[in-house]
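Colleague: show me the folded form of this:
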Amino acid sequence: MVSEADVRALLRAGVDEAGTQLAYAQRHGVNANDLCQALRGRKAPTRSLLRSVGVTRALVIEGGVA
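Modeller: Numbering: from 1, shown residues only. Next up, the predicted model:
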């Protein structure tokens, strides 16, 4: 499992590699404002941001039915 903090770290690394948030957003076809909000922790990463770092959202059910 990957936490939101892990996703933010992956996004930050991608932004560092791209040079700027805008460059990252343009390269990956994501909304620059969503990227900024996610990096600041003000908003959960959108599906497109998750996809840009190779993460997908999944439902995990713990335990079993007795």
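Colleague: list the helices and strands the longest helix seen in the chain packs on?
Modeller: The helix that spans the most residues within the chain, counting by DSSP state H, is helix 4-18. Contact partners of helix 4-18 among helices and strands, from 3 or more C-beta pairs under 8 Å, 6 or more residues apart in numbering; DSSP states H and E: helix 21-28, helix 32-39, helix 47-52. The C-beta positions use only the backbone N, C-alpha and C, and glycine is treated the same way.
Colleague: compare those helices and give me the one nearest residue 14.
Modeller: Taking C-beta to C-beta, helix 21-28 is the member of these nearest to residue 14, at 5.4 Å.
Colleague: show me the shaky parts of the protein.
Modeller: 64-66 (pLDDT under 70).
Colleague: wait, isn't residue 35 in contact with residue 53?
Modeller: No: Residue 35 is beyond contact range of residue 53, at 10.9 Å (criterion: C-beta atoms under 8 Å).
Colleague: next, show the common contact partners of those two.
Modeller: residue 11 (C-beta atoms under 8 Å, 6 or more residues apart in numbering).
Colleague: so the longest helix of the chain versus helix 32-39, what angle?
Modeller: Per axes from the mean of the first three to the mean of the last three C-alpha atoms, to 10 degrees, the angle that helix 4-18 makes with helix 32-39 is 130 degrees.
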